[in-house]
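>>> Predicted structure and sequence below. I'll ask about it afterward.
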Amino acid sequence: MIPLSLYVHWPWCLKKCPYCDFNSYSKSQKDIPEERYVDCLKKAFLHQLPWVKDRTIETIFFGGGTPSLMKASSIESILSFISQNAQISSTAEITLEANPGTLNSESYRAFRQSGINRLSIGVQSFDDRKLQCLGRIHSKEVALTAIREAQQEFDNINIDLMFGLPTQGLEDLCSDLSLAVSMNSTHLSYYQLTIEPQTMFAKRPPLNLPSIDLIDQMQEKIETETSKQNFDHYEVSGYAKPGRYCRHNLNYWEFGDYLGVGPGAHGKITYGNKIFRTVSFSHPKKWMNSVESSGGGIKEKYSVIPENLPFEFMLNILRLRKGASKELWEERTLLPWSVVEEKWNQGVKQKLLEPAENRLQTTPLGWQFLNNAQEIFL
Ligand SMILES: C[S@@+](CC[C@H](N)C(=O)[O-])C[C@H]1O[C@@H](n2cnc3c(N)ncnc32)[C@H](O)[C@@H]1O
Ligand code: SF4
């Protein structure tokens, strides 16, 4: 049975960060139409429900944007609506993304009581000057307090960090890193800063970005220091303590199914002998209007043509250090292995992929040049 996840998008932030190309819009809290939006999330969920009849939801992820701007009572009301209309697993992982600048000492208990059992805190750096340059609304002290207070209520916490920041040297990276690994979190997401088109950083690129050589050294340092602290580097940017992988993201990478509700949210659902993808309207107003006029906020729904499945599957699965079993290919793509065998063997010859008899995974060389390994399947 293919696992099912649910992604719930919250599109607003107090301030748009200059590097960010997520579907998020800055808004002051008083202007956010929270009640209307929460109603729309419920309606949009109901719209999609027939596609996953009788299936159990294994993970839920409130992402953004900054969903920690939501009232805990809104989250509770959404979760109880979902469980009245569908089956949520009793061991479901339910994550909330949180910006430290939006939390106070009461938030944590309220979110925990609303049903959230995993918190993902967007720290980015523990260096005040870097935080300022990234346009963040919080300081190092605020981030440290957020993590410590969150730990009173949550035993499963991710910290988001970025490296390759303007003016960042190896020493700066090391001080961020040693604080990060010492915080007793169960998971770290360590992203290399990318300059995305259409962002403020693309229009006015920051000065003094580290060289590629320095970035490589940083990556190596992150790998050695996290491994000393018993973090498993299980995905390109993901480091987890034993048994604490992000189950929600793992389901994306293992080509599982998911519903996506909210502006810009994507879904992937297998039914009959087809795989469908859905795309929602990006702008919150347009999305809410569509939901309220019974369109579910859905801009597009299409079945993936089988020719595209090898690349889509490998793009995801090869991000995982341990890859996947060969059986997973057939279960998740609904295609026989013979469809992709020749290309896989080509990757084995190039020393980018391990022989498929074992597992579908990259070699150490393929892990280093992941794009090349994935492009074989284009
Ligand atoms: C939706 S945000 C997390 C929650 C919240 N909005 C926040 O920023 O605190 C997801 C994460 O993606 C990462 N991210 C966003 N834009 C990035 C970029 N251009 N390069 C690298 N990482 C990025 C950041 O680490 C960020 O915390
Ligand atoms: S990084 Fe987070 S807080 Fe900043 S704009 Fe993007 S979603 Fe909003």
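That came through fine. Ligands and ions are numbered 1, 2, ... in the order given.

>>> Does the lengthiest strand in the chain reach ligand 2?
Using DSSP state E, we find that the single longest strand of the chain is strand 87-98. No: judged by Cβ under 6 Å from any ligand atom, strand 87-98 and ligand 2 are separated, with a smallest distance of 7.7 Å. All C-beta atoms are positioned from the backbone trio N, CA, C, and that covers glycine.

>>> Packing partners of that strand?
Judged by 3 or more Cβ pairs under 8 Å, 6 or more residues apart in numbering; DSSP states H and E, strand 87-98 is in contact with strand 56-64, helix 72-85, helix 107-114, strand 118-124, helix 247-253.

>>> That one: which residues count as buried?
Buried residues in strand 87-98, counted by 16 or more other Cβ atoms under 10 Å: Ile88, Ala92, Glu93, Ile94, Thr95, Leu96, Glu97, Ala98.

>>> Glu171: neighbouring residues, count only.
Using other Cβ atoms under 10 Å, the number of residues around Glu171 comes to 8.

>>> Look up how far ligand 2 lies from it.
25 Å (Cβ to the nearest ligand atom, to the nearest Å).

>>> quick one: the helix or strand hosting that residue to chain centroid distance?
Assessed by DSSP states H and E, Glu171 sits inside helix 170-182. Centroid separation between helix 170-182 and its chain, computed with Cα atoms, centre = their mean, to the nearest Å, is 23 Å.

>>> now stretch 28-42
22 Å.

>>> Quote the end-to-end distance of that stretch.
From the first residue to the last, stretch 28-42 extends over 23 Å; the measure is Cα to Cα, to the nearest Å.

>>> picking up where we left off before, and the angle from the longest strand of the chain to helix 72-85?
Computed by axes from the mean of the first three to the mean of the last three Cα atoms, to 10 degrees, the angle separating strand 87-98 from helix 72-85 equals 160 degrees.

>>> so, in contact with ligand 1 or not, strand 87-98?
Yes: using Cβ under 6 Å from any ligand atom, strand 87-98 reaches ligand 1 at Glu97.

>>> Can you name the residue of the protein nearest ligand 1?
Gly122 (2.0 Å; Cβ to the nearest ligand atom).

>>> Contacts only, for that residue.
Glu97, Ala98, Asn99, Pro100, Asp160 (Cβ atoms under 8 Å, 6 or more residues apart in numbering).

>>> Now the residue in the stretch 251-378 of the chain positioned nearest to ligand 2. Its backbone dihedrals?
Closest contact between the stretch 251-378 of the chain and ligand 2, by Cβ to the nearest ligand atom, is at Gly264 (11.6 Å). Main-chain dihedrals, Gly264, degrees, to the nearest 10: phi 80, psi 0.

>>> count of residues packed around it?
By other Cβ under 10 Å, 20 other residues sit near Gly264.

>>> all helices for the stretch 201-350 of the chain, in order.
212-228, 247-253, 284-292, 309-317, 326-333, 338-349 (DSSP state H, counting those that start in this stretch).

>>> Looking at these, which is nearest to Gly115?
Gly115 lies closest to helix 247-253 among the helices of the stretch 201-350 of the chain, at 14.6 Å (Cβ to Cβ).

>>> Is ligand 1 within reach of the closest one?
No: judged by Cβ under 6 Å from any ligand atom, helix 247-253 makes no contact with ligand 1; its nearest approach is 11.5 Å.

>>> which outside residues touch that helix?
For helix 247-253, the surrounding residues in contact (Cβ under 8 Å, 6+ apart) are 3, 5, 7, 58-61, 93, 95, 235, 238, 257-258, 316-317, 319-320.

>>> chain center to that helix, what's the gap?
Centre-to-centre, helix 247-253 and its host chain are 8 Å apart (Cα atoms, centre = their mean).

>>> Could you list the alpha-carbon positions for it in CSV?
Extracted in CSV, the C-alpha atoms of helix 247-253 (Å, rounded to 0.1, in the frame of the first residue of the first chain):
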residue,chain,number,x,y,z
ARG,A,247,8.7,10.8,7.7
HIS,A,248,6.7,13.4,5.7
ASN,A,249,9.7,14.3,3.4
LEU,A,250,10.7,10.7,3.2
ASN,A,251,7.3,9.9,1.7
TYR,A,252,8.0,12.6,-1.0
TRP,A,253,11.4,11.2,-1.7
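
>>> quick one, what contacts Thr186?
Contact partners of Thr186, counting by Cβ under 8 Å, 6+ apart, are Asp155, Asn156, Ile157, Asn158, Ala240, Lys241, Arg244.

>>> Give the burial count for the second one, as a bare number.
By other Cβ under 10 Å, the residues close to Asn156 number 19.

>>> Looking at strand pairing, list the partners for the closest residue to it other than its chain neighbours.
Nearest non-adjacent residue to Asn156, counting by Cβ to Cβ, 6 or more residues apart in numbering: Arg118, 4.3 Å away. With DSSP bridges as the criterion, Arg118 is bridged to Thr95.

>>> Could you shift the numbering so residue one becomes 47, and keep it that way?
New numbering, starting at 47: the last item is Arg164.

>>> pLDDT value on Arg164, please?
Looking at Arg164, its pLDDT stands at 98.

>>> Would you mind confirming that Glu338 makes contact with Ala90?
No: counting by Cβ atoms under 8 Å, Glu338 does not reach Ala90; the two are 10.1 Å apart.

>>> per the record, what domains does this protein have?
The chain resolves into domains spanning 50-297, 353-421 when parsed by automatic domain parsing.

>>> most tightly surrounded among those domains?
A comparison of these by mean neighbour count, using mean count of other Cβ atoms under 10 Å, puts domain 50-297 on top with a mean of 18.

>>> secondary structure element for Tyr237?
Element membership for Tyr237 (DSSP H and E) is strand 233-238.

>>> what does that strand contact?
So strand 233-238 is contacted by 166, 202-210, 226-227, 261, 265, 268, 272, 277, 283-287, 290-292 (Cβ under 8 Å, 6+ apart).
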